[in-house]
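Asks: The sequence isn't on hand, but the structure is:
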């Protein structure tokens, strides 16, 4: 038994990746400040309000205009159409920097014959942006995006959609996600799950659990282009 409570992972058939803060890097402080400046609010308030209606937005129940205008109303301000569009475009751009270590590992998993998938809470505009610009999506065996299936993590339906698409049992699958609530939900359905905090932490937990295809040591190898 691994230290994080996971059973041995030596017989895994699939690895499922979250997107935000896992396959992609988090926004920089400068990017957050730029969007907060457009709204005339502090970066801390922007961060707090950004997440308030994000699940509804990512499930596809709210348009970009409604999301950003609601965020502005919660901040006690207002936005014109040009500002809404700029915030929408900046939001997609700040969530578009790939995590090079994860992409390198994704290639290693595919080369070893491991099935892979993305399971992400993502709004429709970002899904379109990703499908048009992220060439690495072609490396995956399956893609489950919340706005396309009308369900978000940690709801069971979105996990089941991903599992069926991969054609594997939950017990043969591992979810890598930065949010504990999503990992716990996956485990309750029989999946293995690791909460991602860093590449070093992930590598250590996988090694402890007996998984042989480990994330790369980035200092020792080059990483693929996105």
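Replies: Yep, that arrived. What you see is a predicted model; the values in this text were computed from it and never measured.

Asks: Neighbours of residue 143, how many?
Replies: Neighbour count of residue 143, defined by other CB atoms under 10 Å: 19. Every residue, glycine included, has its C-beta placed from N, CA and C.

Asks: and it, how far is that from residue 189?
Replies: Separation of residue 143 from residue 189 (CB to CB, to the nearest Å): 19 Å.

Asks: Show me what the mean pLDDT comes to for the helix ranked longest in the chain.
Replies: Using DSSP state H to define each element, the chain has its longest helix at helix 81-94. What helix 81-94 shows for mean pLDDT is 98.

Asks: what does stretch 175-188 contact?
Replies: Counting by CB atoms under 8 Å, 6 or more residues apart in numbering, stretch 175-188 makes contact with 15-18, 20-22, 119, 153-156, 159, 170, 191-197, 202, all of which sit outside it.

Asks: returning to what we had before: run through who's touching the longest helix of the chain.
Replies: Residues contacting helix 81-94 (CB under 8 Å, 6+ apart): 27-28, 31-32, 34-35, 38-39, 64-65, 68-69, 79, 125-126, 129.

Asks: Please identify, among those, the one with the most neighbours.
Replies: Highest neighbour count within these: residue 68, with 25 neighbours (other CB under 10 Å).

Asks: per-domain residue ranges of the protein.
Replies: 14-25+99-220, 29-94 (automatic domain parsing).

Asks: quick one: the strands in the chain?
Replies: 14-17, 115-120, 142-145, 173-177, 192-195 (DSSP state E).

Asks: could you dump those strands to CSV with mean pLDDT?
Replies: Converted to CSV, these look like this (pLDDT from 0 to 100):
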stretch, mean pLDDT
strand 14-17, 98
strand 115-120, 98
strand 142-145, 98
strand 173-177, 98
strand 192-195, 98
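
Asks: Save these as TSV, and put in distance to residue 133 too.
Replies: Formatted as TSV, the strands of the chain follow (distance: least, CB to CB, whole Å):
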stretch	distance to residue 133
strand 14-17	17
strand 115-120	14
strand 142-145	14
strand 173-177	22
strand 192-195	28
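
Asks: so which of the ones you listed comes closest to residue 95?
Replies: Closest approach to residue 95 among those (CB to CB): strand 115-120, 10.3 Å.

Asks: In its sheet, which strands sit next to that closest one, and in what direction?
Replies: strand 14-17 (parallel), strand 142-145 (parallel) (DSSP bridges).

Asks: Need the winner for burial among these.
Replies: Ranked by mean neighbour count, these are led by strand 14-17 with a mean of 24 (mean count of other CB atoms under 10 Å).

Asks: Pull the distance from that one to the chain's centre.
Replies: For strand 14-17, the separation from the chain centroid amounts to 12 Å (computed by CA atoms, centre = their mean, to the nearest Å).

Asks: cool, stretch 96-112 as well?
Replies: 13 Å.

Asks: Stretch 44-61 now?
Replies: Relative to its chain's centre, stretch 44-61 lies at 15 Å (CA atoms, centre = their mean).
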